[in-house]
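Chemist: predicted model and sequence below, questions to follow.
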Amino acid sequence: MDIRKINTLNRIKEGFITVLDTKKLSECTTNDIVDSAEISKKLSTTITKINKIFSMKLKMIYWEV
C-alpha cells in the first residue's frame with residue numbers, strides 16, 4: 001500500500017480515537033474525525049474510508065457487548 005494511504009488511514013484512526021475521548025460514540029460525526037485528523041475534506045475517498053472505519057468500529061463494539 002502507498003505510504004500516503006497508510007499515513008491517511010493512521011491519521012483517521014487517531015482522529016477517531018481523539019474524538020471518542022471527547023464525545024460519546026453517538027455524537028461523533030465524520031466532520032469531527034476529519035477535523036481531528038487534520039486531513040483534507042475534499043477527498044471523497046477520505047470520507048469513504050472514515051465511514052468504513054467508523055462502521056467497523058461500531059460493529060466491533062456491538063459484538064463485544
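Modeler: Everything's here; your move. Numbering: from 1, shown residues only.
Chemist: any idea how far Met56 is from the residue lying closest to Ile53 once chain neighbours are set aside?
Modeler: Counting by C-beta to C-beta, 6 or more residues apart in numbering, Ile12 is the residue found nearest to Ile53 once chain neighbours are left out, at 5.9 Å. In this view, the C-beta of every residue, glycine as well, is placed from N, C-alpha and C. The gap separating Ile12 from Met56 is 11 Å, by C-beta to C-beta, to the nearest Å.
Chemist: could you do Thr22 as well?
Modeler: Separation of Thr22 from Met56 (C-beta to C-beta): 21 Å.
Chemist: which parts of this structure are helices?
Modeler: 3-22, 30-37, 44-64 (DSSP state H).
Chemist: buried deepest among these, which one?
Modeler: helix 30-37 (a mean of 19; mean count of other C-beta atoms under 10 Å).
Chemist: tell me which other helices or strands that one touches.
Modeler: Helices and strands touching helix 30-37, by 3 or more C-beta pairs under 8 Å, 6 or more residues apart in numbering; DSSP states H and E, are helix 3-22, helix 44-64.
Chemist: now render the ones you listed as JSON lines, adding mean pLDDT and distance to Asn31.
Modeler: As requested, the helices and strands packed on helix 30-37 are exported to JSON lines (pLDDT from 0 to 100; distance: least, C-beta to C-beta, whole Å):
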{"stretch": "helix 3-22", "mean pLDDT": "88", "distance to Asn31": "10"}
{"stretch": "helix 44-64", "mean pLDDT": "71", "distance to Asn31": "9"}
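Chemist: in CSV: these, plus distance to Ser36.
Modeler: What follows is the helices and strands packed on helix 30-37, written out as CSV (distance: least, C-beta to C-beta, whole Å):
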stretch, distance to Ser36
helix 3-22, 4
helix 44-64, 11
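Chemist: so which of these comes closest to Asp35?
Modeler: Proximity to Asp35 (C-beta to C-beta) singles out helix 3-22 among those, at 7.7 Å.
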